[in-house]
Each structure stands twice: as C-alpha cells, then as structure tokens.
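1. Just need the structure, nothing else, for what follows:
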Amino acid sequence: MTQGEGIFGCQGIGISFGNRAILKDVSLAVSPGEVLGLVGPNGAGKTSLFEILCGRYTASAGEVFMEGHDITRMAVHDRARAGLARTYQSPVVPGALTIGETLRAARYAYAPYKTRMEAEWACHLANLRQPWDRLAGSLDTFDRRKLLLACLLLRKPKVLLLDEPASGLINSEIDELDLIIRRLVDEYRIAAILIEHRLELLSAIADRTVVLDMGEV
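-> Prediction:
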C-alpha cells in the first residue's frame, strides 16, 4: 500500500544509532477501518519504527505521512492533536489517582471540552467496568490497559499505534481485547498498527501483516 492509499504510514524510513542501521528503507501504510499487524524478532526495529511514527525519534531518511500531509517534522503533541494515539508495552497508570481522577486529567489534557458523559462512553468502548472511585494503581494489567485506552479515546483518534497490547494477558483477556480493538476499528473507522508477539491475537484481528526483520520489510 502506498501513501496515496492509506490515511497514515511512512515511506523510505531509515535510522541509525552510531554505525548500526536500525531501520532501512521501511515503507507501510494503513487505512481507516484496518488493522495492520507488525511482527518480527526482538531487535528487528519495531519499537524504533513506532518511536519515529509518533515523533519521539527523528528518522535520518524518509517521511511520515498522515491524511496526505508530510508530518515527519511535526512535534509529538501536534501529532496527537492531529489524531495519532499510541499505547505502550507496560500499562503505567497514576497509581495514587482514582479511575475518575485519571479520566478527568485526560479530559483536561487532551480535550478539555469533553464531558463526563463522553468519558463514560470512552470507558464503555474500552469495556472498563470498574467503579470510578477505585485507585488506578489497584487495577490488574488488563484493566490498566482499558483505562489507558479510554483516556486515548477521549481524543477521538484517527490512528492507534498499539505496542504489544496482549502482553501479560491470559487467553480469555486476549479474546476480549480482540473484540474491543475490532469494534473500534470497524465501527469508528480507526486505523490501527499493532505490534504483537501473540500470534493468536494477530491471526484473529489483523487484516494484513508486515514482517520486519533486521530493520527491513
């Protein structure tokens, strides 16, 4: 898929650390309503590619595009405002805050005009069913992931970068995660790129899969 065919992606991305080439001429694109799987061995460059896509790393070659625009030099927060959202391998939450306080902080940070009703709807979409007065730090791994996803959904993202969302989950939770992501993608036309080692999730949810090995597709 080329830039003209996808809402988000990259073309010819390269980056090196010292004398070591981490990524070499990597191109990919994803469309609304599609899940693109990204697989490869440890050290293949998957996380480095995500860092470039979200703006934390600057590529030495190539470009990142979104909705037909070159966003290669766009700052992280500007990409977030444009509709790009990312999750991380470890679901770190503010342990001393309640679920409600965490959502309130996300509302003010991402979209201060959002109402409590919209935060409740985001929790519904993420299938988070815990009471809002419960401390975020007391949640298990899966509910932490749901809470962080609900916070991101307050932005109404167009693109989701999901970094190993099944990490630490048991099989029944992976099945539920599959349904959550698929609903977001199908009903809300979100484009998603998914790094995942759990092949059972990839096979169930990904529309296409790209293999990254030694920095190359």
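
2. Quick one: residues contacting the residue nearest to the spatial centre of the chain.
-> By Cα atoms, centre = their mean, the mean C-alpha position of the chain lies nearest to Leu161, the distance being 2.2 Å. By Cβ atoms under 8 Å, 6 or more residues apart in numbering, the contact set of Leu161 is 50, 53-54, 84-87, 192-193. The way it works is simple: take the backbone N, C-alpha and C, and place the C-beta from them, glycine included.

3. Gly83 now?
-> Contacts of Gly83 (Cβ under 8 Å, 6+ apart): 66, 155-159.

4. Please flag which of these sit within strands.
-> Residues of the contacts of Gly83 located in strands (DSSP state E): 66, 159.

5. ranking the contacts of Gly83 by neighbours, who comes first?
-> With neighbours taken as other Cβ atoms under 10 Å, the top of the contacts of Gly83 is Val159, carrying 24 neighbours.

6. sec struct for the closest residue to Phe50 other than its chain neighbours, please.
-> What sits nearest to Phe50 in space, not counting adjacent residues and going by Cβ to Cβ, 6 or more residues apart in numbering, is Leu161, at 5.5 Å. Here Leu161 is recorded as strand under DSSP: H, G, I helix; E, B strand; the rest coil.

7. Quick check: beta-bridge partners of the residue nearest to the centre of the chain?
-> As for beta bridges, Leu161 partners with Arg86, Ile193 under DSSP bridges.

8. What's the local residue count around Asp70?
-> For Asp70, the neighbour count with other Cβ under 10 Å is 12.

9. wait, doesn't it sit right on Val64?
-> Yes - at 7.5 Å, Asp70 counts as touching Val64 under the criterion of Cβ atoms under 8 Å.

10. per-residue pLDDT, the closest residue to Glu34 other than its chain neighbours?
-> Excluding the flanking residues, the one nearest Glu34 by Cβ to Cβ, 6+ apart is Asp207, at 4.9 Å. Asp207 is assigned 96 on the pLDDT scale.

11. how far away is Asp207 from Ser31?
-> 9 Å (Cβ to Cβ, to the nearest Å).
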